[in-house]
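Visitor: have a look at this prediction, sequence included:
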Amino acid sequence: MPRIVARVPLTAGAARISGRCPAHGAGLRGRRRGAAALAAALAAASLALAAEAPPRAELSTPVLDWGKCGHRQELTKTVAVTNTGGGQLRIEKLRSSCSCTAVKIDTQALGPNESAEIAVVLSTGTVMGYLQKYLEFHTSDPRSPVVKIPILARIHDEVKAEPWVLPQFTAVAEGPPVTQEFTLMWRAKSARNLALENLRCSDKAMRIAAVPIKKDGIVAGYTLAVTIAPPAAEGLFNGNILADLNGLPWEFRVYGQVFVGIVVEPAYFQFGRIDDPETAQSSIVLTSADGTPFRLLDIACTPVPFLAFTVRSNDAGTEHTVTAKIAIADRASRFFGKVRIRTDHPKKDLVEATCLGFWAAEAKKG
């Protein structure tokens, strides 16, 4: 259908004007300039607001969980801290609640949308059980001035050793071997065999043997016997039993004291907490390692002679019990000393023992 356009005749004196209406074009350009100015103003306002907004600390993970771990492992995890607010986020006083972890951060000042990475290295040591510590730091985020991130690990927590540490063994230098036993068992009933592989010792003077303990057709644990052939040198002995326990590294410490000529048990005078100096006392026993009779010639305490000694001996002269009592109660001084015992034993003419203890705090008057 043809389009019908109304035609209006020009009046006298009117003239035709080519192009668009001047008023329409000017208005469009004005509106565009206004929109650009408004956008710039909004952007400036947004930046100003962002600069005035407080910083906000956001973590990439709320917890550092290593799961199942073995002994003597060094394991690393990281956590990212991002400033999702405005202004500058400061991270200070970064620390761990345990010496078993080391922490390091790559930067401590974050602008908006910037991140820092905290690396945490866990050293598992030789503990057995559920480890629960935490990572802590302070921030300039008013919502979270102090941030704590749990540190979790399960270090052979499904297995128990009984006893959890062997009693210190006593041996005579180049004397007969000494054997001690302990067990490794599942803590709870399990349908799996307890796997103990690659069993070995850290010292050639040690031997280790393991016998499975079976329950309902399952290897529920092991009885382990560790034997030490005493070395010729007198002093402390340290060694370790090593193995792969359920596929993870495992270690068990063995330690003891090797004596020449005279065996001293215990190796020190232990007073512990001293409430009443008049009744406090401690004893050690000196026994001939080879049955040779011997006498005690002199007993002295250094650096201050604050102890008095009595001696009780057996008829054969092969065993002497030395009891120490407090002669001078000086609470202002630390309770510590060395006791030197001279003997006429052909293989051991001097025995030294440490004296340990501490004064009980006196009640405040009034």
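Guide: Sure thing, it's come through.
Visitor: what ranges of this structure fall below the confidence cut-off?
Guide: Residues of the chain meeting the criterion pLDDT under 70: 1-52, 362-366.
Visitor: what residue spans form the domains of it?
Guide: 57-155, 159-259, 262-359 (automatic domain parsing).
Visitor: now render those domains as CSV, adding mean neighbour count.
Guide: Every C-beta, even on glycine, is put in place using the N, C-alpha and C of the backbone. As requested, the domains of the chain are exported to CSV (neighbours: other Cβ atoms under 10 Å):
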stretch, mean neighbour count
domain 57-155, 16
domain 159-259, 15
domain 262-359, 15
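Visitor: any idea which residue is closest to the centre of this protein?
Guide: Cys100 (2.8 Å; Cα atoms, centre = their mean).
Visitor: ok, that residue touching Leu135?
Guide: No. Under the contact definition of Cβ atoms under 8 Å, Cys100 does not touch Leu135, with a separation of 12.0 Å.
Visitor: so who does Ala102 touch?
Guide: Ser96, Val120, Val121, Ser123 (Cβ atoms under 8 Å, 6 or more residues apart in numbering).
Visitor: give the next helix or strand downstream of the helix or strand harbouring it.
Guide: Using DSSP states H and E, Ala102 sits in strand 101-105. Per DSSP H and E, the first helix or strand lying C-terminal to strand 101-105 is strand 109-110.
Visitor: elements contacting that following strand?
Guide: strand 74-83, strand 89-96 (3 or more Cβ pairs under 8 Å, 6 or more residues apart in numbering; DSSP states H and E).
Visitor: list of residues touching it?
Guide: Contacts for strand 109-110 (Cβ under 8 Å, 6+ apart): Pro55, Val81, Thr82, Asn83, Gln88, Leu89, Arg90, Ile91, Ala116.
Visitor: what pairs with that strand, and is each one parallel or antiparallel?
Guide: strand 89-96 (antiparallel) (DSSP bridges).
Visitor: run the angle between the partner strand and strand 101-105 for me.
Guide: 160 degrees (axes from the mean of the first three to the mean of the last three Cα atoms, to 10 degrees).
Visitor: so what touches stretch 279-295?
Guide: With Cβ under 8 Å, 6+ apart as the criterion, stretch 279-295 contacts 172, 175, 259-271, 274, 296, 316-326, 341, 343-348, 351, 353, 355, 357.
Visitor: again, but for stretch 268-277
Guide: 280-284, 307, 324, 326, 329, 335, 339, 353-360.
Visitor: go again with 7 Å.
Guide: For stretch 268-277, the external contacting residues (Cβ atoms under 7 Å, 6 or more residues apart in numbering) are 280, 282, 284, 324, 326, 329, 335, 339, 353-360.
Visitor: excluding sequence neighbours, find me the nearest residue to Glu174.
Guide: Distances taken as Cβ to Cβ, 6 or more residues apart in numbering put Ala232 closest to Glu174, at 5.1 Å, once the chain neighbours are dropped.
Visitor: backbone phi and psi for the one you found, please?
Guide: phi -80, psi -30 (degrees, to the nearest 10).
Visitor: adding distance to His71, write the contacts of strand 109-110 out as TSV.
Guide: Shown next, in TSV, are the contacts of strand 109-110 (distance: Cβ to Cβ, whole Å):
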residue	distance to His71
Pro55	41
Val81	31
Thr82	35
Asn83	39
Gln88	43
Leu89	38
Arg90	38
Ile91	32
Ala116	32
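Visitor: and which of the residues you listed is nearest Val211?
Guide: Val81 (51.8 Å; Cβ to Cβ).
Visitor: thinking again about what came up before, OK, contacts around the residue nearest to the centre of the chain?
Guide: Counting by Cβ under 7 Å, 6+ apart, Cys100 has contacts Leu122, Ser123, Gly125.
Visitor: next up, phi/psi of it, please.
Guide: Torsion angles, degrees, to the nearest 10, at Cys100: phi -80, psi 0.
Visitor: can I assume His156 is in contact with Trp250?
Guide: Yes. Using Cβ atoms under 7 Å, His156 is in contact with Trp250, at 6.3 Å.
Visitor: in its sheet, which strands sit next to the strand holding Ala102, and in what direction?
Guide: strand 115-123 (antiparallel).
Visitor: got the angle for the helix or strand following the strand it pairs with vs strand 115-123?
Guide: Where DSSP H and E defines the elements, the next helix or strand beyond strand 115-123 is strand 129-139. Using the same axes, to 10 degrees, the direction of strand 129-139 lies 150 degrees away from that of strand 115-123.
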